[in-house]
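Enquirer: quick one, structure for this:
(one chain, ligands or ions: 1)
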Amino acid sequence: MPITLPDLPYPKDGLAPHISEKTLEFHHGKHHKAYVDNANKLIAGTDLENQDLESIVKKTAGDASKVGVFNNAAQVWNHTFYWNCMKPNGGGAPTGAAAQKIAADFGSFEKLVEEFKNAGVTQFGSGWAWLVLNGGKLQVVKTPNAGNPLTEGMKPILVVDVWEHAYYLDYQNRRPDYLGTFVEKLINWDFVNSCLA
Ligand code: MN
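Expert: A predicted model of the protein is given here:
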């Protein structure tokens, strides 16, 4: 099976109380797993079967005949990336190269936070808010549904899932509170720095 469900990089209760064990149990164990299973079913016996996940995402983007493959494969990629973007006792001000690059491209960390949270709040319906490298510059973008900036030639650096399943058990309809907690308590800046390198 070319597409796999990776283990979470922390215990299921590792992000509590900000994201509960129950949310991670469903989000990783049910939602993410379903995308993995569906993607594998859809590529079985096709020329995509032996491709790596990123190639499958890029090759099926915008192809109306492959929309099911794209949606499931991109959701697998997005979720694996999202888990890595968080850690227990994370969040707060950036460190290392990210701190310098954010100051250079946004003027301040506060400005990035404002843009990032705004992207998450204003994504109508399901989707994702991203920090990406676009032509060597950091930029905030949002994508609907399974969208991924890789398909637009951008390099993802950080993502937050704004599908309701990511926060509804813990925050109900308070998406802005979830986004604020993500920034203040959860971001794994070490991972962000590894993506920037
Ligand atoms: Mn999700």
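Enquirer: so what touches the host helix or strand of Y35?
Expert: Using DSSP states H and E, Y35 sits within helix 33-43. Identification of contacts with helix 33-43 by C-beta atoms under 8 Å, 6 or more residues apart in numbering yields 1-5, 49, 51, 56, 68-69, 72-73, 75-76, 79. All C-beta atoms are positioned from the backbone trio N, CA, C, and that covers glycine.
Enquirer: buried subset of the residues you listed?
Expert: I3, L5, Q51, I56, V69, N72, A73, Q75, V76, H79 (16 or more other C-beta atoms under 10 Å).
Enquirer: and the two most separated of those?
Expert: Spanning the widest gap among the buried ones among the contacts of helix 33-43 are Q51 and H79, at 18.7 Å by C-beta to C-beta.
Enquirer: the contacts of helix 33-43 in helices, which ones?
Expert: Judged by DSSP state H, the contacts of helix 33-43 include I56, G68, V69, N72, A73, Q75, V76, H79 as members of helices.
Enquirer: from the residues you listed, pick the one nearest the ion.
Expert: Closest approach between the ones in helices among the contacts of helix 33-43 and the ion, by C-beta to the ion: H79, at 5.6 Å.
Enquirer: report the contact partners of C85.
Expert: Contacts of C85 (C-beta under 8 Å, 6+ apart): L158, V159, V160, L186, I187, N188, F191, V192.
Enquirer: what does this structure put close to the ion?
Expert: Proximity of the chain to the ion, by C-beta under 5 Å from the ion, involves residues D161, W163, A166.
Enquirer: out of those residues, who has the most neighbours?
Expert: D161 (25 neighbours; other C-beta atoms under 10 Å).
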